[in-house]
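Visitor: Sequence first, predicted coordinates after that:
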Amino acid sequence: MIDINNLTKIYYMGKVEVPALRGIDLKIEQGEFVALMGPSGSGKSTLLNMIGLLDTPTSGGIVVDGIDVSSLDHNQRADFRLRKMGFVFQFFSLLMELNAIENVALPMMMDERKDDRAASLLDLVGIGERADHYPNELSGGQQQRVAIARALANEPAILLADEPTANLDTESSNQIVELFRELNRKGQTIIMVTHEPELGEKADRIIRIKDGRVVT
Ligand code: ADP
Ligand code: MG
């Protein structure tokens, strides 16, 4: 499903080159639940953002779902991202002035049955009864569930999560990873960046990166 070949990314800070990825080769199959682990600054977020088409590589190729994404223009990339990718971040990134169900319905602009679908997604992530609550009326774990429901809104081929449990207590963290396991059991492909070894071990496979390279 994802085929990455000799991917590099160099950031430029003025004239200083910051090599974030130094030649990544990776294959991820459909239906896999993969944990991406490595020290801070090793390139995990950079790699996840390349896979999610949030950022462009300096060189190398990424094929997602049979499409060489480097061949897409700006609009095609945006469209591909919207249709194929679901994102979950460390700081839930919910809109505070919208309640749970409105946050989930937001990416489903064109869908006439978005309210029904948003409600069933909230059920799926286990907080159907909190649909009317605003983010500041929800715990961190509950907010992250809303964010996961929103990420699933357009039935993404790939769910990408960047340290989704970094701001949660241990119990909520375990529950979120359990939720990922359950979604994966239903067929969802998931790539999760995490620092925490005991959470990484819940994935099917751990990819370790260091200094912009895959080590194991
Ligand atoms: P991780 O997620 O593993 O902590 P990142 O992918 O965020 O690591 O960062 C990898 C390297 O790239 C780090 O040295 C970081 O400082 C650098 N970096 C990341 N994003 C940028 C950016 N937008 N501009 C400049 N340097 C960046
Ligand atoms: Mg990061």
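Guide: Looks like it arrived, so ask away. Ligands and ions are numbered 1, 2, ... in the order given.
Visitor: how about the residues of the chain that lie near ligand 2?
Guide: Selection of the chain residues close to ligand 2 by CB under 5 Å from the ion yields 44, 45. Any C-beta I mention is one placed from the backbone N, CA and C, and that applies to glycine too.
Visitor: Start from the N-terminal end of the chain and give the helices.
Guide: For the chain, helices defined by DSSP state H occupy the ranges 44-51, 74-84, 100-105, 114-124, 140-151, 170-185, 197-200.
Visitor: Nearest the geometric middle of the chain, what residue?
Guide: In the chain, the residue lying closest to the centroid (CA atoms, centre = their mean) is residue 160, at 1.7 Å.
Visitor: Next, count neighbours for the residue of the chain found nearest ligand 2.
Guide: Nearest residue of the chain to ligand 2, counting by CB to the ion: residue 45, 3.2 Å away. Each residue near residue 45 was counted by other CB atoms under 10 Å, and the total is 19.
Visitor: that older thread, let me know the distance separating the residue nearest to the centre of the chain from residue 170.
Guide: Applying CB to CB, to the nearest Å, the value for residue 160 to residue 170 is 23 Å.
Visitor: these two touch, right, residue 214 and residue 27?
Guide: No - contact between residue 214 and residue 27 fails when scored by CB atoms under 8 Å: they sit 11.0 Å apart.
Visitor: Pull out the buried positions in stretch 21-37.
Guide: Within stretch 21-37, the residues that count as buried by 16 or more other CB atoms under 10 Å are 21, 22, 24, 26, 28, 32, 33, 34, 35, 36, 37.
Visitor: Most widely separated two among those residues?
Guide: Farthest apart among the buried residues of stretch 21-37 by CB to CB are 22 and 33. That separation is 25.9 Å.
Visitor: ok, now which ones touch residue 151?
Guide: 86, 87, 88, 159, 161 (CB atoms under 8 Å, 6 or more residues apart in numbering).
Visitor: how many neighbours does the fourth one have?
Guide: Which is residue 159. Using other CB under 10 Å, residue 159 is surrounded by 22 other residues.
Visitor: who's in contact with it?
Guide: Residue 159 is in contact with 86, 88, 148, 151, 152, 180, 183, 188, 189, 190, 191, counting by CB under 8 Å, 6+ apart.
Visitor: again, but for the last one
Guide: Contact partners of residue 161, counting by CB under 8 Å, 6+ apart, are 87, 88, 89, 151, 180, 190, 191, 192, 193.
Visitor: Inside strands: which ones of the residues you listed?
Guide: Counting by DSSP state E, the contacts of residue 161 place 87, 88, 190, 191, 192, 193 in strands.
Visitor: how near is the second one to ligand 1?
Guide: Think residue 88. Residue 88 is 15 Å from ligand 1, where distance means CB to the nearest ligand atom, to the nearest Å.
Visitor: Over to the fifth one?
Guide: Counting by CB to the nearest ligand atom, the gap from residue 192 to ligand 1 is 13 Å.
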